[in-house]
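In: how would this look folded up:
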Amino acid sequence: RERSWLTPDVWIGPALLTAVLLAELIWLLAKAGGPHLSAQTVGAGTVGATLMGPYILGVEMASIILLAGLIGSYHLARGLKTKDGKREGADR
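Out: All right, here's what the predicted structure looks like:
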């Protein structure tokens with residue numbers, strides 16, 4: 001089954017998306033004229049208020065993606081049952 005997932009035509013979409021995102025990144029860096037960084041100390045309260053204020057949608061989306069990855073990795077590491085009821089994969 002994995003061989004069918006790794007055919008070249010499956011990678012066309014992700015390759016195009018990567019090219020678009022890379023072009024956008026290059027365009028944004030060229031438009032901005034380079035990074036303008038300033039060093040200042042930010043407290044935990046300020047970071048929390050900012051993340052739970054205007055960026056709440058991004059934080060929630062990231063948490064859902066991380067939760068899906070955690071659940072997926074658990075199921076992959078758990079292993080598959082064989083016909084005799086024993087588990088393959090990770091030793092317990």
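
In: where does the protein dip in pLDDT?
Out: For the chain, the stretches with pLDDT under 70 are 33-37, 80-83, 85-92.

In: the longest helix in it is where?
Out: helix 56-78 (DSSP state H).

In: In terms of secondary structure, what does that one contact?
Out: Applying 3 or more CB pairs under 8 Å, 6 or more residues apart in numbering; DSSP states H and E, we find helix 56-78 packed against no helix or strand. In this view, the C-beta of every residue, glycine as well, is placed from N, C-alpha and C.

In: how far is the helix or strand where Ile26 lies from where the chain is centred?
Out: Element membership for Ile26 (DSSP states H and E) is helix 12-32. In terms of CA atoms, centre = their mean, to the nearest Å, the centre of helix 12-32 is found 17 Å from the chain centre.

In: Kindly export that helix (C-alpha atoms) in CSV.
Out: C-alpha atoms of helix 12-32 as CSV (Å, rounded to 0.1, in the frame of the first residue of the first chain):
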residue,chain,number,x,y,z
ILE,A,12,2.7,17.1,-7.5
GLY,A,13,0.3,18.9,-5.1
PRO,A,14,2.6,19.2,-2.2
ALA,A,15,5.5,20.3,-4.5
LEU,A,16,3.3,23.0,-6.0
LEU,A,17,2.2,24.2,-2.6
THR,A,18,5.8,24.3,-1.4
ALA,A,19,6.9,26.3,-4.5
VAL,A,20,4.0,28.8,-3.9
LEU,A,21,4.9,29.2,-0.2
LEU,A,22,8.6,29.6,-1.0
ALA,A,23,7.9,32.2,-3.6
GLU,A,24,5.7,34.1,-1.1
LEU,A,25,8.4,34.0,1.6
ILE,A,26,11.0,35.3,-0.9
TRP,A,27,8.6,38.1,-2.0
LEU,A,28,7.9,39.1,1.6
LEU,A,29,11.5,39.2,2.5
ALA,A,30,12.4,41.2,-0.6
LYS,A,31,9.5,43.7,0.1
ALA,A,32,10.5,44.2,3.7
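
In: Perfect, that will be all.
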